[in-house]
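Visitor: could you look at this predicted model? Sequence included:
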Amino acid sequence: MQDLQQQEAYIARWLDMLWAERGASEHTRAAYGRDLRTFAGFCAAVGIGLLAVGREHVQRFLADRHREGISARSTARALAALRGFYQYCLRQGLIQEDPVALVENPRLPKPLPKSLSEADVEALLEAPDVETELGMRDRTMLELLYACGLRVTELVDLRVSQVNLRQGVVRVTGKGRKERLVPMGETAQSWLQGYLSETRPLLLPLGQSDVCFPGRAGQSMTRQAFWYRIKHWAKVAGIEKPLSPHTLRHAFATHLLNHGADLRVVQLLLGHTDLSTTQIYTQVAKARLKSLHREHHPRG
């Protein structure tokens, strides 16, 4: 079996390379070092050197971690350390074959998107002062964002020519330049109609732009500028939950499913190519139902 000091020297060299060539932080190098030394300890326990392992040893190591209840995320990080180390060893001519090459990464649970309750959304929508031009603009943007489940970029890039008030739909250009028609609902349609006829002409007195919701100088607002506005109105509404650029889009999908909408309909409205992308919202809806059950049922 390889000398433990020699194995430690190989690990130290690789960690130094991570710092010198890739600028890896001290935290990252410390975590990878722990993972590699844990694996080296496993190798010593089964009587094989760190540079003599095969794929079966790596798989057994991962299986042991699973039985011990170590999280998939921690195991994925350990496997990343092993991949990097053995690729380095292969380049240095220390091994002839990478034992991790054909090992699959563990499946990581997808984080549930953050959403808002219907009461929170209502408070957010009512926060802007619609007696002001910017407040009316922001209220209309929030109404449309929630009613249509738009991405923030789709909203700030929206043109008046993409709005059909008679039919109550907006034509959205999403990812991959794919277009979709999204119904806006009567409430959002009413706000948009009032905004376009009364407020937008005041924001664009010369009518020099087709931008639906202009920012400075009649240009499209940036995604960051609108997100600043959302956070401002959330503070006014007293919403302390962390928000992300997709919060209202997540709320749109979750609330539709909570009220019995078909998953494929939600997929079309969101513009998802793959149904699996939309299915994450069913988990949010289920989590919400469980939470309500625990909170309100006498035996929850």
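Guide: Cool, got the structure. Numbers count the residues shown, from 1 in each chain.
Visitor: from here on, just use CA atoms for contacts and neighbour counts.
Guide: OK.
Visitor: look at residue 105 and give its secondary structure.
Guide: Three-state secondary structure (criterion: DSSP: H, G, I helix; E, B strand; the rest coil) places residue 105 in coil.
Visitor: residue 170 too?
Guide: Residue 170 carries the three-state label strand when classified by three-state DSSP.
Visitor: which residues touch it?
Guide: 162, 163, 164, 181, 182, 183, 184 (C-alpha atoms under 8 Å, 6 or more residues apart in numbering).
Visitor: residues in contact with the closest residue to it other than its chain neighbours?
Guide: The shortest distance from residue 170 to any residue other than its chain neighbours is 4.6 Å, reached at residue 163 (C-alpha to C-alpha, 6 or more residues apart in numbering). Residue 163 sits next to 169, 170, 171 when contact means C-alpha under 8 Å, 6+ apart.
Visitor: got it, and residue 75?
Guide: Residue 75 sits in contact with 62, 65, 106, where contact means C-alpha under 8 Å, 6+ apart.
Visitor: so for the helix or strand containing it, what gets flagged as buried?
Guide: Here residue 75 is covered by helix 72-91, with elements defined by DSSP states H and E. Taking 16 or more other C-alpha atoms under 10 Å as the neighbour-count basis, helix 72-91 is seen to contain the buried residues 72, 75-79, 81-90.
Visitor: same check, this time on stretch 218-232
Guide: Buried residues in stretch 218-232, counting neighbours by 16+ other C-alpha under 10 Å, are found at 218, 219, 220, 221, 222, 223, 226, 227, 230, 231.
Visitor: ok so, going back, what's the distance between the residue nearest to residue 170 and residue 138?
Guide: With the distance defined as C-alpha to C-alpha, to the nearest Å, residue 163 ends up 17 Å from residue 138.
Visitor: so how many other residues sit close to residue 191?
Guide: 17 (other C-alpha atoms under 10 Å).
Visitor: let me see the confidence value for it.
Guide: We note a pLDDT of 95 for residue 191 in this prediction.
Visitor: ok so, going back, how far away is the residue nearest to residue 170 from residue 196?
Guide: When residue 163 is compared with residue 196 (using C-alpha to C-alpha), they lie 10 Å apart.
Visitor: same question, residue 80
Guide: Applying C-alpha to C-alpha, one obtains 53 Å for the distance of residue 80 from residue 196.
Visitor: show me where the stretch 51-200 of the chain has strands.
Guide: Counting by DSSP state E, counting those that start in this stretch, the stretch 51-200 of the chain has these strands, from start to end: 163-164, 169-173, 179-183.
Visitor: TSV for those strands, including distance to residue 96?
Guide: Conversion of these to TSV gives the following (distance: least, C-alpha to C-alpha, whole Å):
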stretch	distance to residue 96
strand 163-164	62
strand 169-173	50
strand 179-183	51
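Visitor: out of those strands, flag the one nearest residue 24.
Guide: Each of these was scored for nearness to residue 24 using C-alpha to C-alpha, and the closest is strand 169-173 (38.8 Å).
Visitor: now the closest one against strand 179-183, angle please.
Guide: Inter-element angle recorded for strand 169-173 and strand 179-183: 150 degrees (by axes from the mean of the first three to the mean of the last three C-alpha atoms, to 10 degrees).
Visitor: can you give me how far strand 169-173 is from the chain middle?
Guide: From the chain centre to the centre of strand 169-173 is a distance of 23 Å (C-alpha atoms, centre = their mean, to the nearest Å).
Visitor: so which of the contacts of residue 75 wins on neighbours?
Guide: The most crowded member of these, judged by other C-alpha under 10 Å, is residue 62 (22 neighbours).
Visitor: quick check: closest non-adjacent residue to it.
Guide: In this structure, residue 62 finds its nearest non-sequential neighbour in residue 75, 7.1 Å apart by C-alpha to C-alpha, 6+ apart.
Visitor: export the buried residues of stretch 218-232 to TSV and tack on pLDDT?
Guide: Putting the buried residues of stretch 218-232 into TSV (pLDDT from 0 to 100) gives the following:
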residue	pLDDT
218	79
219	84
220	86
221	89
222	89
223	87
226	90
227	89
230	89
231	91
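Visitor: many thanks, I have nothing further to ask.
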